[in-house]
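Trainee: for reference, the sequence and a predicted model appear below.
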Amino acid sequence: MRVYFTQNLSHDMLDKFDIVTAIGKNMDIFFADKIYGSDVEVIYIGIRCLTPVFESAFPKKKPKYDLKGKVYHVNNDDGPIKSPDKALSYSLTLDYSKYKEITDIRSIFPQDVLDSLDIIGTIKQIKDFDLVKFKSDFETFFKSVGWI
């Protein structure tokens, strides 16, 4: 399993979320050998923490599940690029005012992520995925990096 955070943040949130980027390598290692079923191999969690003005300019997207990756033809020497098969991406919209008030997001971010994982169970095409085990492992990951 591979799990990634992507970020769509207001400028004043960039420094607060640097620590999310910093745990990316730990997350790669932690989830690398884990399997939760045959339907999902990659999850992209899009972290959104935008000022109300920007929130309306960047509408939230529905969760997207790609059973078969797409091939993108680009002008480079490496040839076409293929996105991963069995990939789920969804947006986690965080409460901007709540995150603006605190200096260290580690106190609230893990719970927001764990709560957001329930969206996986709403995707009809995903039938073989152990969400309970995945959530438990994600909580264990946050504990391993000292965020819980």
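Mentor: Sure thing, it's come through. Residues are numbered from 1 along each chain as shown.
Trainee: can we go C-alpha only for contacts and neighbour counts from here?
Mentor: OK.
Trainee: what's the closest non-adjacent residue to Lys62?
Mentor: Closest residue to Lys62 apart from its sequence neighbours, by Cα to Cα, 6 or more residues apart in numbering: Tyr90 at 6.7 Å.
Trainee: what sits up against the helix or strand hosting that neighbour?
Mentor: Using DSSP states H and E, the element containing Tyr90 is strand 87-93. Strand 87-93 has contacts (Cα atoms under 8 Å, 6 or more residues apart in numbering) with 40-49, 60-67, 69, 113, 116.
Trainee: how about the strands in this structure?
Mentor: Assigned strands in the chain, in chain order: 2-9, 42-49, 64-66, 71-72, 81-82, 87-93 (criterion: DSSP state E).
Trainee: let's have these in JSON lines, adding distance to Ile29.
Mentor: Formatted as JSON lines, those follow (distance: least, Cα to Cα, whole Å):
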{"stretch": "strand 2-9", "distance to Ile29": "9"}
{"stretch": "strand 42-49", "distance to Ile29": "14"}
{"stretch": "strand 64-66", "distance to Ile29": "23"}
{"stretch": "strand 71-72", "distance to Ile29": "27"}
{"stretch": "strand 81-82", "distance to Ile29": "23"}
{"stretch": "strand 87-93", "distance to Ile29": "18"}
